[in-house]
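Q: Turn this into a model:
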Amino acid sequence: MREPVVPVPLDFKTAQRFLAGGVDSPVRAGRPVGAPSPFIVSGRGAHVVDAAGRSYIDYLCAYGPVILGHGDRAIAAAVAAAARDGAVVGTTHPEEVRLAQRLCERFDSLERVRFVSTGTEACMSAVRVARSFTGKAKLIRFSGCYHGHSDEMIFSAGASSLSAATLEAGVTQAVASEVIVLPYNDIAAVGAALGAEGDNTAAVIIETICGNMGLCLPETGFLDALRSLTRRHGVLLIFDEVITGFRMRGGAQEALGVSPDLTCLGKALGGGLPIAAFGGSAAVMKSLAPDGPVFVGGTFSGNPVCVAAAHALLDVLDADPRFFTRLERKAKQLAAGLQRIIATAGLTFAVVQWASMVDFMFRPGPAHRNFAEAAEADASAYAAFYRGMLERGILLPPSQMELLFLTAAHSEEDIEDTLRAAEATLASM
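A: Here you go, the predicted structure:
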């Protein structure tokens, strides 16, 4: 008989004894910034507390899911009630149908959806459906866009993946040969690729607003031209709105006025719990079993607890017509303050803001337009900035390829404290 498990002190060396690499997601190891992320034991509103009892203003926000703030009462109550009635039942239940209806009403491009548990599954499944519907194999995507960690998405991706299309990284050449990776914001490259491979290409998948190579915005006309090209070549356009879908009402597609064939959703949808979805027209989604040949399913897909959390989130958003306006105002306040501090320091870094997301890179000149330009940023300078902000009670992402998220719980005082910390940190550097 094994000895009973005895709690051990929390430190990274202990974590490495029992967790592969000491983490369950590589970015948490903090190698780009020289130290692992703090062990966080609790969160309330816009603040989190580490294992040593130190509090931080949180802009990591779990890389996007937390939009109401940590420990939101409405979501916690909904989750607790659902769990009491059975966390997972293995059959379709009324609330997942109601949630699907709410998503279809929220996004004009959706007529049918299917729930999965993660953004990785949503993107992977949307591509599978596109291949079935078109009868074509190849996929076009863009360097620096992260669509999860499936084999065909993980190489030349953004976030902190840093994976290559090699067997050493677990990716076969057979998989890599079906994927065409192009520079973001380069419509000429897309036109050339579709001109050569349009008859063999099932889909183009893209982050409408890129949140995984820092915050990178599409140039004027890029998405419209992409929509036109894909239609011309009979290729489905997939919008990965896992990050952006619930950062604006109707997502980036509504804000930018471009409608995709398939949409992938996740992150904030669950208010902090793991639920994701993908969907599109009834004709395209008919490819899914049991109506069609494409199998996508999961034990936890559409489970009552996560569905309850999603309903609670949408209830808050739908009850407050000014929710997104107020949230964006906070982001603008943070962005304007950072831009002022940077300029006062004699630097020429561009601050980028969209909805409730803010970012700047240690890279002189205008905002970056693609992954190659993002990679020009000074990683060591960001690492120093991250550590300085951490010392001053501000939790940022432990990689310059990520960005800052704001929540409904961030106060003006939080933002002003953050700006004071940023000014002091830059001055010390």
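Q: Quick check: can you list the domain ranges of the protein?
A: Annotated domains of the chain cover 12-66+322-428, 73-319 [automatic domain parsing].
Q: Could you dump the ones you listed into TSV and include mean pLDDT and mean neighbour count?
A: C-beta coordinates here come from the backbone N, C-alpha and C atoms, glycine included. Converted to TSV, these look like this (pLDDT from 0 to 100; neighbours: other C-beta atoms under 10 Å):
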stretch	mean pLDDT	mean neighbour count
domain 12-66+322-428	96	18
domain 73-319	97	20
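Q: And Ser25, how far from Gly298?
A: As judged by C-beta to C-beta, to the nearest Å, Ser25 and Gly298 stand 20 Å apart.
Q: same thing with Phe39?
A: On the measure of C-beta to C-beta, Phe39 and Gly298 end up 30 Å apart.
Q: What ranges does the stretch 1-150 of the chain have for its helices?
A: For the stretch 1-150 of the chain, the helices defined by DSSP state H, counting those that start in this stretch occupy 12-18, 73-84, 94-106, 119-134.
Q: residues touching Met429, list them.
A: Met429 makes contact with 381, 384-385, 388, according to C-beta atoms under 8 Å, 6 or more residues apart in numbering.
Q: helix or strand right after the longest helix that the chain contains?
A: Ordering each helix of the chain by length in residues (DSSP state H) puts helix 323-344 first. Counting by DSSP states H and E, the next helix or strand C-terminal to helix 323-344 is strand 349-354.
Q: Tell me if I'm right that Thr15 and Asp24 touch.
A: No, residue 15 isn't Thr; it's Ala. No - counting by C-beta atoms under 8 Å, Ala15 stays clear of Asp24, with 9.7 Å between them.
Q: Dump the helices of the stretch 1-150 of the chain to JSON lines, plus distance to Thr166.
A: Formatted as JSON lines, the helices of the stretch 1-150 of the chain follow (distance: least, C-beta to C-beta, whole Å):
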{"stretch": "helix 12-18", "distance to Thr166": "25"}
{"stretch": "helix 73-84", "distance to Thr166": "41"}
{"stretch": "helix 94-106", "distance to Thr166": "38"}
{"stretch": "helix 119-134", "distance to Thr166": "20"}
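Q: of all these, which lies closest to Leu338?
A: Among the helices of the stretch 1-150 of the chain, the nearest to Leu338 by C-beta to C-beta is helix 119-134 (27.6 Å).
Q: The chain: strands as residue ranges?
A: 40-44, 47-50, 55-58, 112-116, 138-142, 179-182, 201-207, 236-240, 262-265, 276-280, 349-354, 357-364, 394-395, 404-405 (DSSP state E).
Q: can the ones you listed go into JSON lines with extra columns for distance to Ala159?
A: Shown next, in JSON lines, are these (distance: least, C-beta to C-beta, whole Å):
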{"stretch": "strand 40-44", "distance to Ala159": "19"}
{"stretch": "strand 47-50", "distance to Ala159": "21"}
{"stretch": "strand 55-58", "distance to Ala159": "18"}
{"stretch": "strand 112-116", "distance to Ala159": "19"}
{"stretch": "strand 138-142", "distance to Ala159": "13"}
{"stretch": "strand 179-182", "distance to Ala159": "15"}
{"stretch": "strand 201-207", "distance to Ala159": "11"}
{"stretch": "strand 236-240", "distance to Ala159": "12"}
{"stretch": "strand 262-265", "distance to Ala159": "15"}
{"stretch": "strand 276-280", "distance to Ala159": "16"}
{"stretch": "strand 349-354", "distance to Ala159": "17"}
{"stretch": "strand 357-364", "distance to Ala159": "13"}
{"stretch": "strand 394-395", "distance to Ala159": "18"}
{"stretch": "strand 404-405", "distance to Ala159": "14"}
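Q: closest one to Leu317 among the ones you listed?
A: strand 262-265 (13.5 Å).
Q: about what we covered before: got JSON lines for the contacts of Met429, with distance to Leu338 too?
A: Compiled in JSON lines, the contacts of Met429 are given as follows (distance: C-beta to C-beta, whole Å):
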{"residue": "Ala381", "distance to Leu338": "15"}
{"residue": "Ala384", "distance to Leu338": "16"}
{"residue": "Phe385", "distance to Leu338": "11"}
{"residue": "Gly388", "distance to Leu338": "14"}
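Q: Which of those fall within helices?
A: Short answer: the contacts of Met429 in helices (DSSP H) are 381, 384-385, 388.
Q: with these in mind, which one is nearest to Pro304?
A: Nearest to Pro304 among these, with distances taken as C-beta to C-beta, is Phe385, at 42.5 Å.
Q: Quick check, the closest one in contact with Met361.
A: No - in this structure Phe385 lies outside contact range of Met361 using C-beta under 8 Å: 10.4 Å.
Q: The residue lying closest to Ala283 once chain neighbours are set aside: what's it in contact with?
A: Computed as C-beta to C-beta, 6 or more residues apart in numbering, the closest residue to Ala283 that is not its neighbour in sequence is Phe133, at 7.9 Å. Residues counted as contacts of Phe133 (C-beta under 8 Å, 6+ apart) are 202, 236, 283-284, 287.
Q: and if you look at Asn303?
A: 87-89, 275.
Q: Gly30 versus the nearest residue to Gly234 once chain neighbours are set aside, what's the distance?
A: Nearest non-adjacent residue to Gly234, counting by C-beta to C-beta, 6+ apart: Thr134, 6.6 Å away. Distance check for Thr134 against Gly30: by C-beta to C-beta, it reads 41 Å.
Q: One more: Leu288?
A: Taking C-beta to C-beta, one finds Leu288 at 39 Å from Gly30.
Q: The residue lying closest to Gly64 once chain neighbours are set aside: what's it in contact with?
A: Closest residue in space to Gly64, ignoring its immediate chain neighbours: Lys267 at 4.2 Å, by C-beta to C-beta, 6+ apart. By C-beta under 8 Å, 6+ apart, the residues touching Lys267 are 63-65, 119, 242-243, 245-246, 276.
Q: can you check Leu262 too?
A: 126, 129-130, 203, 236-239, 278-280, 284.
Q: can you list these in a markdown table and add distance to Ala336?
A: Formatted as a markdown table, the contacts of Leu262 follow (distance: C-beta to C-beta, whole Å):
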| residue | distance to Ala336 |
| --- | --- |
| Ala126 | 36 |
| Val129 | 42 |
| Ala130 | 40 |
| Ala203 | 38 |
| Leu236 | 39 |
| Leu237 | 34 |
| Ile238 | 34 |
| Phe239 | 29 |
| Phe278 | 36 |
| Gly279 | 36 |
| Gly280 | 38 |
| Val284 | 42 |
